[in-house]
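> Sequence isn't available, so here's the structure alone:
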């Protein structure tokens, strides 16, 4: 294998004209009138803005990024379907793209006929298809259905047949666009096997996916596209971590916007005799920044602004978290925690500081309250705020104690 | 240069062209009871309709009129059908255009060739009619392949240009549908050239569709050799159109996937 990269992209720029997106077709009328118009509309929209990277032969590279970050456009440029507006793209070797499975399948034709048609479209000769036909059919697992018209297939069967043809093209470079997500469990395993087989055979694979688990499993390298440029490239784990952080941050911003609207939580409730009013409420992270999304184990602070309408001596503040199923996860108050508030100022800020928020992933609601030590409620605000907890781990339940696992032979000392 | 590359790409993908033409021909009658037999039945029924109208009701005073009309009608049907379907070839390509990489000139070429195959398959019906009506099969049939090739070249060139234009201006196909009706009546298909006043003959000869229609009528119906000068001029014209159409296509093809 040569030393030159299998895929080499330098300074790639791709713009679309906005009209394409709005489906504003040209007509003969607009064309005829164009010379008379003062200026032509040049409303360009940059999808890829100076993307550069190189992939060595035999590597499996995953391209990740949020929707609209230009992943699929990049893949289509690698496949040669779109032309770059600037920059250079070189792909060395026979390319097979799994961008569209079963392209050109005719619904009225049998699976058999469509295998030949689809194979020809993908660049195989009739002889090559005949040689591979049995393998293709066996791989698709369609059995007798291969002679039924494709229109009678389930969508899974359709994709399986398309995939079987595409992977039997025997490419040097395989471009995959989020197609592995379809199909049942058994087929997903087959796809995995096939990808591993390609990897062993030293093929270059470039895959676009949102399945970060698959990225960690298959990819030697990950490229994170953000807003049309490469935000990070390198070891999958590091790139994924960086990507997750960015996603959490933007999710956080969205949640805070939502949180600013009072209607965001539907079943809020509030009662009390009004001797104390909780006027403001903030969720803060360890740095004192307002947040709505936390990671498991983050520091967590609830701040309440209160106003005493009359002098009170038996005052207590409380908080409680409930999860989406309305299960009380934790609740406490200054009385239970034996905190003496002393003479509370008439207007003040009381804060609850947790060093670690050891909740599992999910959405939580916060209740806050001011009440007397005997339980008389001054102000109880149920579901006053909501926040989300994100976690990279799929553990279940309500809370996650800080923990570790260990294993040793029986009888041995700890 | 560009033309050569365009055509050699088409040639390299000939097996794809053949498969897609086969798909087109088979798909047309897939699921119908008579199946492929419709390829023959359709022109037969069409002929009956025209024969009924023009020989029984409208009584055109011309010997073997229905056979004459049929001679011009078959190539015209091929021509107009290709322009209508072929102009949409790229737009209708859908995911083939946006998601798969192959030379896109394959798509219009497939439309042209599948309609051309249909045309050739209807010739036996025409031959039977010529024999039954007593017109016979003239030796001038030998010139048929030449006429057919010239028409094919002209149709292919025009289809390529229209298919390209239609990607960017979707009105093309609708305008074309109406223009074809006008074009049909300006072409001596339903009437012999002798019915056209002498002073307008030059105008008729400026119409490429008239040239191939007259040539078909010459070699099939009248039993005389076609006007080689006109055919030659038309071949030249077709080559020029093809050259321009290829230039147009090659210039715009990179935007096809984005525009569809």
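Nice, I can see it. Keep in mind the model is a prediction, meaning the values are calculated, not measured.
> Return the residues in contact with residue 108.
Went with chain A since none was named. For residue A:108, the contact set (C-beta atoms under 8 Å, 6 or more residues apart in numbering or on different chains) comprises A:149-151, B:27, B:30-31. C-beta coordinates here come from the backbone N, C-alpha and C atoms, glycine included.
> Oops, wrong one, chain B.
Contacts for residue B:108 were tallied using C-beta under 8 Å, 6+ apart; they are B:86, B:89-90, B:156, B:159-160, B:163.
> ok, and the closest non-adjacent residue to residue A:288?
Of all residues not flanking residue A:288 in the chain, residue A:301 sits nearest, at 7.5 Å (C-beta to C-beta, 6 or more residues apart in numbering or on different chains).
> Any residues of chain B in contact with chain A? List them.
Applying the criterion C-beta under 8 Å from any C-beta of the partner chain, the portion of chain B that neighbours chain A consists of B:15-16, B:19-20, B:23, B:26-27, B:30-31, B:95-96, B:98-102, B:168-172, B:175, B:254, B:257-259.
> Among the residues you listed, name the buried ones.
Listed as buried from the residues of chain B next to chain A are B:15-16, B:19-20, B:23, B:26, B:96, B:98-102, B:168-172, B:257-259; burial here means 16 or more other C-beta atoms under 10 Å in any protein chain shown.
> Please pull out the lowest mean pLDDT helix or strand from the chain.
In the absence of a named chain, this looks at chain A. Across the helices and strands of chain A, the lowest-confidence element by mean pLDDT, DSSP states H and E is helix A:18-22, at a mean of 53.
> I was thinking of chain B, sorry if that wasn't clear
Confidence across the helices and strands of chain B bottoms out at helix B:95-99, with a mean of 78, counting by mean pLDDT, DSSP H and E.
> Which residues does it contact?
Helix B:95-99 is contacted by residues A:76, A:81, A:97, A:99-100, A:103-104, A:121, B:90, B:102, B:104, B:107, B:256-257, B:260 when judged by C-beta under 8 Å, 6+ apart.
> For residue B:208, state which of the contacts of residue A:108 is nearest.
Looking at the contacts of residue A:108 and their distance to residue B:208, the nearest is residue B:27, at 30.4 Å (C-beta to C-beta).
> Quick check, that closest one in contact with residue A:106.
Yes: here residue B:27 lies in contact with residue A:106, judged by C-beta atoms under 8 Å, at a distance of 5.8 Å.
> Of the contacts of helix B:95-99, which pair is most distant in space?
Top of the distance list for those (C-beta to C-beta): A:97 and B:90, 19.5 Å.
> which of the contacts of helix B:95-99 has the most neighbours?
When neighbours are taken as other C-beta atoms under 10 Å in any protein chain shown, the top entry among the contacts of helix B:95-99 is residue B:90 (28 neighbours).
> what residues are up against it?
For residue B:90, the contacting residues are B:97, B:104, B:107-108, B:163-164, B:166-167, B:256, B:260, by C-beta under 8 Å, 6+ apart.
> ok, now how distant is it from chain A?
When C-beta to the nearest C-beta, to the nearest Å is applied, the distance between residue B:90 and chain A equals 13 Å.
> number of nearby residues for residue A:395?
A count of nearby residues for residue A:395, using other C-beta under 10 Å, gives 11.
> for it, helix, strand, or coil?
Assigned by DSSP: H, G, I helix; E, B strand; the rest coil, the conformation of residue A:395 is coil.
> Now residue A:320. Nearest residue, chain neighbours left out?
Here the nearest residue to residue A:320 in space, its sequence neighbours aside, is residue A:331; by C-beta to C-beta, 6+ apart that works out to 3.5 Å.
> can I assume that neighbour sits in a strand?
Yes: when the secondary structure is assigned by three-state DSSP, residue A:331 falls within a strand.
> Hmm, it is touching residue A:352, no?
No: the pair formed by residue A:331 and residue A:352 falls short of the contact definition of C-beta under 8 Å, at 11.1 Å.
> out of these two, which sits in the more crowded spot?
Taking residue A:331 and residue A:352 together and counting by other C-beta under 10 Å, residue A:352 has the greater number of neighbours (18 against 13).
> got a list of what that one touches?
By C-beta under 8 Å, 6+ apart, the neighbours of residue A:352 are A:301-302, A:317, A:319, A:332.
> Name whatever forms a beta bridge with it.
In this structure, residue A:352 has the following beta-bridge partners (DSSP bridges): residue A:302.
> for the stretch 301-414 of chain A, what spans make up the strands?
Ranges of strands in the stretch 301-414 of chain A, per DSSP state E, counting those that start in this stretch, are A:315-323, A:328-333, A:347-354, A:362-372, A:377-390.
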